[in-house]
Structure formats: structure tokens, C-alpha cells
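Visitor: Following is a predicted model, sequence given first.
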Amino acid sequence: MKIKVKILKRSLEQYYINKKMSTARIAIRYKCNPETIRRRLIEYGIKRRFREKKVKIPPNQLEELYNKRKISTIDISRRYNCSPWAIRSKLIQYGINIRKPNDYHKWKSPQNQIIPLLKVSSELSYILGVYLGDAWIYKYKHSYFIGLDTVDFKFAKSFCSALKRIKLHPSVFKKSNREVWRTIASSKIFFNWLKNLSSEDIKKIALAYPLSFLKGIYESEGCISRNYDKRVNKLYLSVVIVSCEKETIELTQNLIIALGLRPRLNLTRKKVPFKPIWVLSINRQSEVKSFLALVKPCIKNTTRRFKNQNLPV
């Protein structure tokens, strides 16, 4: 139950009319919202001061502070030594959209204040590779998440470390009743940046750090495939990367070719409504070994399952 703040008319007149105090300063005295003071002025019929002080603030600067940096009218008014209503009047005058009353508080939630390092880096390239594979982004109410579910703890920790290095605050935990590890972080800025990436932006980051990108996409969508050649009675290994996105698999193919390797790309057609599946494979044993040595994946990089077999890798 809300308690009504007791404010006498004569006290309000003393502060507002005689001492020329702003509604924000009066609100601090009564430990309430400036909006409460404004309503009492209207209730008591006290004539309000409008535009008594000319605030010199350019439209582009006000737009930057209010909409891009999400600073409240109260904090902006303190910068310019005026009342919040003078700032509000300027917003109306310049035709700047005024936020809803609770938007500011939603933005001020801790996860939405996290500013990640979005400069092109090996960590960002790796995260992008994982995102185009198994990672996901998710919006719930006013929270914005990026996450990864995997049965491999090493993979979960590797993704967590990359998120930490771009200044996010991820956590890793085991999902209840399941052998699945979840890595998750929250940032509205990173969520929007990731969601609005164009194919050219993705290509630029991947080309800058190709090995990191390949590591991310391989750990997500790749595997070591076991092949048996009946002619020579011998087992061979292949590196296989699978994707339903043609642009992603073609970018991956070009990056592998740039390493001097010769991958093969095949299309596995499925009946409607299934998507076509693109399969990229490296079959030459020397190239399989070279790929794993260059990319250095944290998982899918050993032959423990076949250690008793005579394998070339």
C-alpha cells in the first residue's frame, strides 16, 4: 500500500515560489518523485514556472544524452542546472520521442548496462563461429541472453572464457536432471549487435581471424568421422562440418581453402519440410592432421575412441 506524502500548501509555496526551488530539489526534501510535487502544484492551484530559464542545448546533443545514452531528464537537468520540465519542454520542442515512464528503469537493469568489447578480435571471431553453430540468443521480457547448451564441459568453459574476454559476465552450470552444460550471459547491447550483423560484417570478422572462426564453427557443427576402406582393410578419419545455412558453409569452405587445404562440399537433399543439409569434409589424412593442428579445437580433436586401432592421425 502506497503512503501519501504529506506536503502543506504554504510549505510548497515557500520552496517553489519564494525560494525558486525546482520540483526535483523539493522532491529530494520530501523523499518522493518530482512528479508527485508537480501534481501537488496543480492540486493546490500554484502557478507553475514554464520556460523561466532558457536552456541552451543543441538537438543532436539532447538526442545523444536522452535516447542513445539513456540518461534521465532529471540527470540531464542537473548537468544544465535547470528543472527536468525544462528538459522535457526541449524534447517536445525538438520533436524527440519521449520514453515511457518505466523505460528508463528497464534500461538501468544491471545486465543492460554491460558494454562489451565489440572491436574485431579473435575472441569475437570465435564467439561468432559458435553462434552460427550451436549457440543461441534469446529475449525474455527485458532481459537479453546469449547462451550455449552442450554435453562437453570443455566446450562450455571455452565459450565462457571467450565471453569473459569481451567483458561480458557469463556463468556455466549443469542443467537439472540432464547431462547438459549451459553457458549463458546477458547484455542488451551485445544481443542487438549480434542480431543486426549483416553477412558482410560476419565475413569481415571471420577473415580477420579465420582460425578462431573455424575453431568455433568446428566445435559447434563439426566432428571426426570414422571411415573404413575395405580395399586396404584400414580405418581413416575425416573432418566433417555440417550446416543448413549455405552462406555459413561457403564461408567456412573458403576459409579452409585459404589454409591450403582441399575440402569437399556436398548437398544432402531432404524431403519437405526439412532444410537441405550442406556437408563439408576434409578427407586426406595429412590435411585432417593439418586442420586439427592449426585450429586446435578444445573438443573433437582426439582419437581416444579408436586408440587401439591403427589410425594415421
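Guide: That came in fine, so what should we check first? In this text the structure is predicted, and so the values were computed from the model without any measurement. Numbers count the residues shown, from 1 in each chain.

Visitor: For Trp278, what is the enclosing helix or strand?
Guide: strand 277-282 (DSSP states H and E).

Visitor: C-terminal to that strand, what's the next element?
Guide: Per DSSP H and E, strand 277-282 leads on to helix 285-295 as the next helix or strand towards the C-terminus.

Visitor: and that next one, how far out from the chain's middle?
Guide: Relative to its chain's centre, helix 285-295 lies at 32 Å (Cα atoms, centre = their mean, to the nearest Å).

Visitor: all helices in the stretch 51-200 of the chain, in order from the N-terminus.
Guide: 59-63, 73-79, 84-94, 103-107, 122-131, 153-165, 188-195, 199-208 (DSSP state H, counting those that start in this stretch).

Visitor: What are the buried residues along the first one?
Guide: This points to helix 59-63. The neighbour-count check on helix 59-63 (16 or more other Cβ atoms under 10 Å) flags Leu62 as buried. For the C-beta atoms, the positions are set from N, CA and C on the backbone; glycine is no exception.

Visitor: Next: the last one.
Guide: Going by neighbour count (16+ other Cβ under 10 Å), the buried part of helix 199-208 is Ile202, Ile205, Ala206.

Visitor: go on, the longest one?
Guide: Under the neighbour-count criterion of 16+ other Cβ under 10 Å, helix 153-165 has Phe155, Ala156, Ser158, Phe159, Cys160, Ala162, Leu163, Arg165 buried.

Visitor: Quick check: pLDDT value at the fourth one.
Guide: What the model reports for Phe159 is a pLDDT of 97.

Visitor: need the contact list for it.
Guide: Contacts for Phe159 were tallied using Cβ atoms under 8 Å, 6 or more residues apart in numbering; they are Ile127, Val130, Ala135, Leu148, Pro170, Thr183.

Visitor: where are the low-confidence patches of the stretch 51-200 of the chain?
Guide: Across the stretch 51-200 of the chain, the ranges flagged by pLDDT under 70 are 51-54, 101-112.

Visitor: and the helices of the stretch 51-200 of the chain as JSON lines, adding distance to Gln113?
Guide: Converted to JSON lines, the helices of the stretch 51-200 of the chain look like this (distance: least, Cβ to Cβ, whole Å):
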{"stretch": "helix 59-63", "distance to Gln113": "20"}
{"stretch": "helix 73-79", "distance to Gln113": "14"}
{"stretch": "helix 84-94", "distance to Gln113": "22"}
{"stretch": "helix 103-107", "distance to Gln113": "8"}
{"stretch": "helix 122-131", "distance to Gln113": "20"}
{"stretch": "helix 153-165", "distance to Gln113": "16"}
{"stretch": "helix 188-195", "distance to Gln113": "9"}
{"stretch": "helix 199-208", "distance to Gln113": "24"}
